[in-house]
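Asker: Let me see the structure of the following:
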Amino acid sequence: MPTIAEQVALVPTGPGCYLWKDAEGDVLYVGKAKNLRARMRQYVQLTDERPMVPRLMAATASFDYVVVGSEHEALVLEINLIHQYRPPFNVDLKDDKSYPYIALTKGDVFPAIKYTRERHRPETRYFGPYTDARAARAMIDVVRKVMPLCIATCAEWKRVRRQIEAHPEQGDVVALAQAEHGRPCFDYHVGRGPGVCAGCVTPEEYAGHVTQVERFLAGHRGEFVAELKAEMAEAAANLDFERAGRVKRRLAVIDGLDDKQRVVLGGGQDTDVIGFWREETIAGACVFVVREGRVSRTCEFVLDKGLDVGEEELVDGFVKRYYDQTGDIPTEVCVPCALADAETVEGWLTARRGRRVTLHVPQRGAKAQVAQMATNNAHHYLARYELRTGYEDKRTNEALLQLESALALDEPPMRIECFDISTIHGKHTVASMVVFTGGHPDKSQYRRFKIRTELDEANDFVSMSEVLARRYGSERMADERFGKKPDLLILDGGKPQLTAAIEQLGALGVDIPMAGLAKSDEELFVPWDDMPVVLPSGSASLYLVKRVRDEAHRFAITFHRELRDKAMTVSILDEIPGVGEKRKRALRRAFGSMKRLREASEAEIAAVPGIPAEVAHEIWGTLRAWDEELGRGRERALGDASGDAPGDLSNEMPDNASVETSGDASDDTAADTANDVPTDTPSDAPSRHCSVFGQATG
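Answerer: Residues are numbered from 1 along each chain as shown. Take a look at the predicted model:
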């Protein structure tokens with residue numbers, strides 16, 4: 001059999017759709033292309049940078065393709081194939097169910113309104129989808145208050161429909177027949193039915209009602225309200241006050257709706273604004289349906305893909321899935337990122353709507369604000385979904401079981417400890433220890449360490465050995481404040497860091513399962529195998545391991561920055577006898593900055609109220625010595641081929657706090673992934689420490 005690459009070389013170069021299949025022949029992924037051969041070759045040669053492509057090709061055993069005449073035909077075929085096969089690698093809705101719609105049975109002589117989850121009758125117009133069934137039913141109730149219309153569940157409407165179907169030749173006189181033999185339904189008596197069952201309305205008059213309801217459900221209420229106001233004025237002029245009162249009550253219902261829907265876009269625009277919130281393997285999507293400048297309704301969805309696919313692919317897949325289900329298409333669709341096939345998608349939407357439709361990426365202004373609102377709503381909806389379904393707990397349990405299997409553990413790692421080192425050229429070197437219990441952060445068990453070993457430069461191996469010795473020494477292992485021995489130890493680093501940790505724990509006589517997480521390829525190195533363990537991309541276990549590593553990194557950086565900030569706020573004036581907080585405040589009022597104080601003469605310093613002459617002499621002399629030392633440090637820095645920073649000229653904080661302290665902080669969150677400061681910026685640079693009033697000047 002020829003290889004897949006050899007088969008792809010024979011694929012035609014025209015537009016079409018391709019289907020990647022597994023060994024059983026099941027479709028894994030459906031895509032479209034302007035040039036089938038070139039696009040499929042990107043998959044085979046792994047030049048497509050999407051993270052799911054290597055996993056897709058590893059599972060692919062064969063493929064199929066369909067050649068069409070244009071990109072538009074390819075897009076339509078792609079949507080139909082995805083709907084037919086539901087491939088696991090394509091973006092789809094998480095909830096595999098049919099959504100509610102409001103339908104108008106326009107194939108009937110007297111069309112009725114109904115709530116339904118079907119969407120296949122050709123002569124029925126559907127409005128939706130609605131993601132809230134109660135909202136759909138409430139809208140039907142509002143519509144019938146605004147414009148009397150038959151409902152499909154009415155027994156009398158069904159009777160009239162059967163009679164028309166049995167005697168289609170009497171369609172023109174159906175109103176007369178019902179007036180003579182019909183019986184009015186309850187909805188007619190309460191003003192919600194037009195009286196079809198009693199012959200009170202002709203098919204022509206009823207068709208006008210249906211047209212107005214269609215405009216109302218589509219969100220185009222301006223013209224509808226104008227017609228109602230004209231009808232009310234006409235009825236009042238004809239002294240038909242009962243009819244005018246009915247129309248006035250309908251207008252009051254519409255005004256009540258408008259009170260709940262504020263204007264978000266000026267100019268009466270018809271726009272759909274779509275926002276997304278992505279997590280590791282799922283995402284939330286929220287559609288703000290804006291009609292005549294007002295948000296007429298919102299729709300929320302959960303997608304089965306998240307950070308494991310690119311943003312463009314997620315947006316593209318959702319746009320095709322959503323607008324394939326709805327017939328309510330606006331003139332503009334706002335999306336968070338540009339799509340590679342935007343022109344093709346716009347052409348498809350334009351063909352479905354019958355008028356021009358554009359895709360837009362809002363950058364600023366009112367539309368950008370509405371887009372941010374849609375993103376926030378997507379975030380909240382996804383959080384509610386996770387809470388309602390227990391998604392996070394299921395995901396965590398799955399991750400622990402996967403780690404047990406992948407790392408050959410005796411049991412699931414219910415307690416995981418991870419260490420990380422943070423330093424700049426060996427200065428203010430600290431370490432963090434984070435603990436995950438049951439797959440969740442246990443901040444009461446977090447610990448942070450100041451490295452006691454004197455280091456001239458960064459040395460993660462020495463620092464890590466010290467931390468492990470202090471954590472897993474006999475004294476600490478017996479300390480209940482540190483908790484029990486972990487089920488798994490994760491080190492931020494590859495094989496060298498793991499080897500050093502094995503030697504250190506071996507010297508301590510402690511046996512703990514451990515793994516080193518390499519930063520580049522997210523591989524786990526284990527003691528019992530020379531080859532790294534590769535957790536599947538997008539798997540719950542990989543997500544948990546990365547989360548543990550990132551939390552340790554965040555916690556270490558937080559402590560490191562805290563020490564640097566304290567060091568940078570040490571003032572050079574604190575070294576001068578006789579200068580306290582009161583005299584520093586006087587100098588601040590007099591000179592305003594360190595630069596002006598350094599440029600001042602001894603007499604100018606002595607002229608400051610509250611500064612004696614002898615103290616002014618000490619201040620002036622200390623600043624002169626500082627300037628001279630700073631100049632020599634710069635000369636050494638320029639002449640030093642190694643590129644090291646000038647000598648430390650600041651007063652380092654006394655190393656009297658090296659005992660481990662609890663690092664729990666209520667405002668710390670695992671989502672805070674601040675990056676470390678650049679390693680080419682020395683933490684002891686004099687210009688960053690030269691603060692006159694105890695605050696950093698850098």
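
Asker: Name the residues of the strand or helix carrying Leu491 that come out as buried.
Answerer: Under the criterion of DSSP states H and E, Leu491 resides in strand 488-492. By 16 or more other CB atoms under 10 Å, the buried positions in strand 488-492 come out as Leu488, Leu489, Ile490, Leu491, Asp492. In short, each C-beta sits where N, CA and C put it, glycine included.

Asker: And the next helix or strand past that strand?
Answerer: Next helix or strand after strand 488-492 toward the C-terminus (DSSP H and E): helix 495-508.

Asker: tilt between that next one and strand 488-492?
Answerer: With axes from the mean of the first three to the mean of the last three CA atoms, to 10 degrees defining the directions, helix 495-508 sits at 130 degrees from strand 488-492.

Asker: follow-up on the earlier one: quick one: which of the buried residues of strand 488-492 is nearest Thr47?
Answerer: Nearest to Thr47 among those is Asp492, at 31.0 Å by CB to CB.

Asker: got the contact list for the closest residue in space to Val333 that isn't next to it in sequence?
Answerer: Nearest residue to Val333, sequence neighbours excluded (CB to CB, 6 or more residues apart in numbering): Asp272, at 4.9 Å. Counting by CB atoms under 8 Å, 6 or more residues apart in numbering, Asp272 makes contact with Val287, Phe288, Val289, Val290, Pro330, Glu332, Val333, Cys334.

Asker: Output the contacting helices and strands for the helix or strand encompassing Val435.
Answerer: Val435 belongs to strand 427-437 when assigned by DSSP H and E. Under the contact criterion of 3 or more CB pairs under 8 Å, 6 or more residues apart in numbering; DSSP states H and E, strand 427-437 touches strand 415-424, strand 447-450, helix 460-472, helix 540-568.

Asker: For the stretch 201-350 of the chain, which segments count as strands?
Answerer: 271-278, 283-291, 294-303, 332-334 (DSSP state E, counting those that start in this stretch).

Asker: Out of these, flag the one nearest Tyr385.
Answerer: strand 294-303 (5.1 Å).

Asker: Could you check the angle that closest one makes with strand 271-278?
Answerer: Using the same axes, to 10 degrees, strand 294-303 lies at 30 degrees relative to strand 271-278.

Asker: List the contacts of strand 294-303.
Answerer: Contacts to strand 294-303, defined as CB under 8 Å, 6+ apart, come from residues 91-95, 129-131, 135, 139, 219, 258, 261-264, 282-290, 314, 317-318, 322, 370, 377-378, 381-382, 385.

Asker: and that strand, C-alpha only, in CSV?
Answerer: What follows is strand 294-303, C-alpha atoms only, in CSV (Å, rounded to 0.1, in the frame of the first residue of the first chain):
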residue,chain,number,x,y,z
ARG,A,294,-30.6,47.1,21.2
VAL,A,295,-29.6,43.7,22.5
SER,A,296,-32.8,41.7,21.7
ARG,A,297,-31.5,38.4,23.2
THR,A,298,-28.4,36.5,24.1
CYS,A,299,-27.4,32.9,23.4
GLU,A,300,-24.7,31.0,25.3
PHE,A,301,-23.0,27.8,24.2
VAL,A,302,-20.3,25.5,25.4
LEU,A,303,-17.8,24.2,22.8
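
Asker: all helices of the stretch 101-250 of the chain, in order?
Answerer: Under the criterion DSSP state H, counting those that start in this stretch, the stretch 101-250 of the chain contains helices at 133-146, 155-166, 174-181, 186-189, 203-217, 222-237, 241-260.

Asker: Same list (those) but as a markdown table, adding distance to Glu411.
Answerer: Formatted as a markdown table, the helices of the stretch 101-250 of the chain follow (distance: least, CB to CB, whole Å):
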| stretch | distance to Glu411 |
| --- | --- |
| helix 133-146 | 44 |
| helix 155-166 | 63 |
| helix 174-181 | 76 |
| helix 186-189 | 65 |
| helix 203-217 | 58 |
| helix 222-237 | 66 |
| helix 241-260 | 54 |
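
Asker: Please tabulate those helices in JSON lines, including the columns mean neighbour count and mean pLDDT.
Answerer: Formatted as JSON lines, the helices of the stretch 101-250 of the chain follow (neighbours: other CB atoms under 10 Å; pLDDT from 0 to 100):
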{"stretch": "helix 133-146", "mean neighbour count": "16", "mean pLDDT": "82"}
{"stretch": "helix 155-166", "mean neighbour count": "15", "mean pLDDT": "83"}
{"stretch": "helix 174-181", "mean neighbour count": "16", "mean pLDDT": "68"}
{"stretch": "helix 186-189", "mean neighbour count": "16", "mean pLDDT": "82"}
{"stretch": "helix 203-217", "mean neighbour count": "17", "mean pLDDT": "84"}
{"stretch": "helix 222-237", "mean neighbour count": "14", "mean pLDDT": "76"}
{"stretch": "helix 241-260", "mean neighbour count": "14", "mean pLDDT": "69"}
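
Asker: wait, Val434 sits on Arg549?
Answerer: No: between Val434 and Arg549 there is no contact under CB atoms under 8 Å: 9.2 Å.

Asker: Who has more neighbours out of the two?
Answerer: Comparing Val434 with Arg549 by neighbour count (other CB atoms under 10 Å), the higher total belongs to Val434, at 29 against 20.

Asker: how close does that one sit to Glu280?
Answerer: 19 Å (CB to CB, to the nearest Å).

Asker: what residue is smack in the middle of the protein?
Answerer: For the chain, the residue nearest the mean C-alpha position is Trp277 (2.7 Å; CA atoms, centre = their mean).

Asker: how close does Ala235 get to Glu312?
Answerer: Distance, Ala235 to Glu312, by CB to CB: 55 Å.

Asker: Kindly report the same for Gly14.
Answerer: Between Gly14 and Glu312 the computed distance is 24 Å (CB to CB).

Asker: do Ala408 as well
Answerer: For Ala408, the distance to Glu312 - CB to CB - is 39 Å.

Asker: Looking at these two, which has the bigger crowd around it?
Answerer: Neighbours were counted for Ala408 and for Glu312 using other CB under 10 Å; Glu312 has more, 16 against 11.

Asker: what's the closest non-adjacent residue to the more buried one?
Answerer: Nearest to Glu312 is Cys337, by CB to CB, 6+ apart, at 5.6 Å.

Asker: Cool, thanks, signing off.
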